[in-house]
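Trainee: how would this look folded up:
(chains A and B)
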Amino acid sequence: MLDRKFVIDNADLVKQNCARRGSRADIDRLLALDAQRRDRQLEVDELNRRANEVSKSIGKAKDAAEREARKNEGRQLREQTAAAQSELDKLLGEIDTILRTIPNLSHPRAPVGGEDASVEIRRGKTPVPSFDFRPLDHVELGERLGLFDFEGGAKVAGHGFYFLKNDAVLLELALQRYALDLLIAEGFTPTITPDLARNEILQGTGYIPRGPETQIYSIADSDLSLVATAEITLGGLLTDTILEADQLPIKVCGISHCYRTEAGAHGRATRGLYRVHQFTKVEMFAFTAPEASDAILDYFCELECRLFDGLGIAYRVIDTATGDLGGPAYRKFDLEAWMPGRGEQGEFGEVTSTSNCTDYQARRLGIRFRRKGEKGTTFVHTLNGTAIAISRALIAILENYQQADGSVQVPAALQPLVGKKRIAPL
RNA sequence: GGAGAGGUGGCUGAGUGGUCUAAAGCGCGGGUUUGCUAAACCCGUGACCGGGAAACUGGUCCGCAGGUUCGAAUCCUGUCCUCUCCGCCA
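Mentor: Next up, the predicted model:
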């Protein structure tokens, strides 16, 4: 979230940003509540001061009668304080509720507008392929090659779940390893993270665990939820930590399963593996000094491009428009891979996404650092990026590498990891 | 799951009802000494919310939430977390 004082002092700027983001956060109400908060704060402080004075005077009272009178006075003051304090707490609660709905500021160069305003800024090295036969979509390919079992998934867990089978399993493991090899070489600390996290951590990273539109599965009778991405666990890793400047940037990556309710998302684009309730993802995460985060965002984007260039899959990079950024992101680049089986004649479909969340998550999570020779601490910036989301990468690989004979060639970079060059019908 | 111990500043750790305005050490900042570095010594060092042009000043904070009391780091209740041992288990 944003700093309360910052919002108060820059109300117009924040309002303008909310408008660009399509957020209806009520800044005017926040301002009014804060003015009340301030008055109430003064009242509580004054009552406390007097009560403290009374307490101190009791030791010096000259007789029992005076001591009793003073105690009475103190008791009454404490009662008044309690009343004022509870009003103050209520105001603080309301202010916090509004504050949570205010999205992060936006990068000055992020395109302004809704989804249509997003701008293509880059293409991959691999050209969009052409086929001399009608390419199939991944669902059909997977059926012929025995790679998925959607019926089995539905039987045991419902629509949106699936079994990966046979060579799809090897592909999944190969993709994990493929991504990890690059990230480890780039100095990331590899991790396998918990698939569950405390709701407090979810909220800190900007996810809303419960409610009608939540993406999140929560665990009954606990304060745990299934994570929608390892961004949650990786960001949460350093909750309430003060770092030294020379530790930054910290680059970690994590493999986790990702669970999403996908409430309200149905239709053509949801066919097969594209929109599922569970998938595996290798996620990148960084904690940086503020002045470094723009460059790290470019770096994350560059790594994503290298991964898909390495797989030989055509893609484009999108600079996401302000209306489509969600709450925490200051700027976001999406990488959309060419999926020949998508739509009538193939379409680009999102496969990765990288965001600079500036200090929006760090403030809630309490992740700060200290600069040499400076007093106080500064919130770090956090960034996240998908290295490989397995389910969508599988779609792109199968559809782009399909052959006229119904087989699928394994991308050269994965061949040693999968242990074969071609996936043939059973 | 059972039993026990514990959660205190950036870190380690003392503190069992008012003089806690939280000891001490480490770290950090400044200074003295000094070929340089280091060491030694001296001084200073928390966060948050307010008031004030400033000097300065009021309040809150000892895992979290309640309670007792004029007064709580300290007593009581609940809760979360960590550690140790036992049990169970891949």
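Trainee: which stretches of the stretch 301-426 of chain A aren't confidently modelled?
Mentor: Scanning the stretch 301-426 of chain A for pLDDT under 70 picks out the ranges A:373.
Trainee: What parts of chain A come near RNA strand B?
Mentor: A:4-5, A:38, A:41-42, A:44-46, A:48-49, A:51-52, A:54-56, A:58-59, A:70-71, A:74-75, A:77-78, A:89, A:242, A:372-373, A:375-377 (CB under 7 Å from any atom of the strand). C-beta here means a position set from N, CA and C on the backbone, and glycine is covered the same way.
Trainee: what's near enough to touch A:Ile58?
Mentor: A:67, A:70-71, A:74 (CB atoms under 8 Å, 6 or more residues apart in numbering).
Trainee: just checking, which of those residues belong to helices?
Mentor: Secondary-structure check on the contacts of A:Ile58 using DSSP state H: residues within helices are A:67, A:70-71, A:74.
Trainee: So which of the residues you listed sits lowest on pLDDT?
Mentor: Among these, A:Arg67 carries the weakest pLDDT, at 78.
Trainee: all strands of the stretch 201-350 of chain A, in order?
Mentor: Secondary structure of the stretch 201-350 of chain A (DSSP state E, counting those that start in this stretch): strands located at A:224-226, A:241-244, A:250-259, A:278-288, A:315-319, A:331-339, A:347-356.
Trainee: residues in contact with whatever helix or strand comes next after the last one?
Mentor: Along the chain past strand A:347-356, the next helix or strand (assigned with DSSP states H and E) turns out to be helix A:360-365. By CB under 8 Å, 6+ apart, the residues outside helix A:360-365 that reach it are A:1-3, A:104, A:201, A:203-206, A:235-236, A:238-240, A:287, A:327-328, A:330, A:367-368, A:379-382.
Trainee: Isn't A:Ser256 up against A:Thr193?
Mentor: Yes. Under the criterion of CB atoms under 8 Å, A:Ser256 is in contact with A:Thr193, at a separation of 4.7 Å.
Trainee: So the two - more neighbours on which side?
Mentor: Residue environment comparison for A:Ser256 versus A:Thr193 gives the larger neighbour count to A:Ser256, 26 against 23, counting by other CB atoms under 10 Å.
Trainee: What residues are bridge-paired with the more buried one?
Mentor: Taking DSSP bridges, one obtains A:Lys281 as the residues bridged to A:Ser256.
Trainee: For whatever residue of chain A ends up closest to RNA strand B, which non-adjacent residue is closest in space?
Mentor: Closest to RNA strand B within chain A is A:Gly74: 2.6 Å, counting by CB to the nearest atom of the strand. Distances taken as CB to CB, 6 or more residues apart in numbering put A:Val54 closest to A:Gly74, at 4.3 Å, once the chain neighbours are dropped.
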